[in-house]
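Colleague: just a sequence and a predicted model for now, questions to come.
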Amino acid sequence: MERYVDVAPGVRLWAEDIPATGSHPGEPLLLVMGANASGLAWPDALVAQLAEHHRIIRYDHRDTGRSTAAFEDAPYGITDLADDAIAVLDAFDVPRAHVVGMSMGGLLVQLLLLDHPDRLATATLFCTGPLPFAEPTASAPPPPGPDPALLRLWAELDDPRDPEGEIDWRVEHWRLLNGTGTPFDAAEFRALEERITAHSGRHDAVVAHARMDTAGLERGAELATVTVPTLVIEAPEDPAFPPPNAGQLARTLGGGRLVRIPGMGHAINRTVVPPLAAAILTLTTSAETAAC
């Protein structure tokens with residue numbers, strides 16, 4: 001079921017509610033995607049595997065997909081995007097959910113762990129890093145940043161391109177994000193981007209999230225207080241959040257468990273879907289079993 005969720009005056013988010021397919025589903029599971037990315041960037045193959053155990057909710061962030069694109073008229077900050085996730089749960093009458101965040105979505109989920117722990121049954125974070133500390137210390141130094149080749153490509157993000165050129169650019173972007181640890185199938189990601197373009201009705205690049213206010217992120221020191229069962233997945237070939245980002249995040253969380261998926265980069269290709277789904281479901285099912 002698809003619907004729109006009002007999150008602010010004049011701002012609506014597209015969201016999709018996917019029923020569980022198993023006979024004994026657990027609590028719902030919310031998928032929170034990364035910056036400038038539609039909710040359809042969650043591959044259907046991953047969604048299908050997760051839906052065997054959970055009702056799935058995914059959505060388009062502001063200025064992505066079919067959600068309102070109004071950053072120029074109504075600027076917002078990254079903390080607003082975290083609030084949006086709670087608004088989506090409220091709209092679907094979900095008091096608590098397992099929450100999975102990728103990339104920027106992982107930063108948003110960390111904010112949810114701090115501000116709304118009662119709304120999270122578990123949290124899975126991958127292809128992301130820890131919230132920054134207001135003052136980095138020897139025990140929590142700033143983690144490494146993105147690969148220079150990726151930074152050079154990001155500098156072209158809002159260059160004008162025709163529809164075909166935009167798809168070509170996005171596929172090249174995914175190639176760099178994927179890394180070399182697992183096979184990259186250009187046709188797989190071309191089909192994904194063609195679907196996202198058709199879904200949004202626009203081919204131009206999404207750049208609002210690169211311009212939004214990031215105030216409110218310097219809360220890394222608070223992560224040690226998190227008690228929600230949390231899993232951090234390390235993608236060793238991730239060029240955006242390279243190691244040791246994941247390890248540092250798991251240590252900062254204190255009780256965060258760390259799982260490594262060999263060869264994984266900053267892309268959910270068909271090779272990594274099975275181990276990624278298995279890691280997420282191991283956490284969610286074990287947490288629900290422990291709660292019984």
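Modeller: Received it, and whenever you're ready, just let me know what you need.
Colleague: and Phe105, its phi and psi?
Modeller: Let me fix one detail, which is that residue 105 is Gly and not Phe. Reported as degrees, to the nearest 10, the phi and psi values for Gly105 are phi -60, psi -30.
Colleague: pull the contacting residues for it.
Modeller: With contacts defined as Cβ atoms under 8 Å, 6 or more residues apart in numbering, the neighbours of Gly105 are Leu31, Val32, Met33, Gly34, Thr128. Where C-beta positions appear, they are placed from N, C-alpha and C, glycine not excepted.
Colleague: does the third one really touch Arg58, like I thought?
Modeller: What that stands for is Met33. Yes - the pair Met33 and Arg58 qualifies as a contact (Cβ atoms under 8 Å) at a distance of 7.4 Å.
Colleague: ok so, going back, the contacts of Gly105: which two are farthest apart?
Modeller: Greatest spatial distance among these (Cβ to Cβ): Leu31 and Thr128, at 13.8 Å.
Colleague: show the model's pLDDT score for Ser139.
Modeller: Among the per-residue scores, Ser139 shows a pLDDT of 65.
Colleague: rewinding a little: can you add distance to Ala82, secondary structure and pLDDT and give the contacts of Gly105 back as CSV?
Modeller: Putting these into CSV (distance: Cβ to Cβ, whole Å; DSSP: H, G, I helix; E, B strand; the rest coil; pLDDT from 0 to 100) gives the following:
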residue, distance to Ala82, secondary structure, pLDDT
Leu31, 15, strand, 99
Val32, 9, strand, 99
Met33, 13, coil, 99
Gly34, 13, coil, 98
Thr128, 13, coil, 98
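Colleague: how many other residues sit next to Leu153?
Modeller: Using other Cβ atoms under 10 Å, the number of residues around Leu153 comes to 17.
Colleague: do the same with Asp84
Modeller: The local packing count at Asp84 equals 22, with neighbours defined by other Cβ under 10 Å.
Colleague: that one falls within a helix, correct?
Modeller: Yes - if the criterion is DSSP: H, G, I helix; E, B strand; the rest coil, then Asp84 is within a helix.
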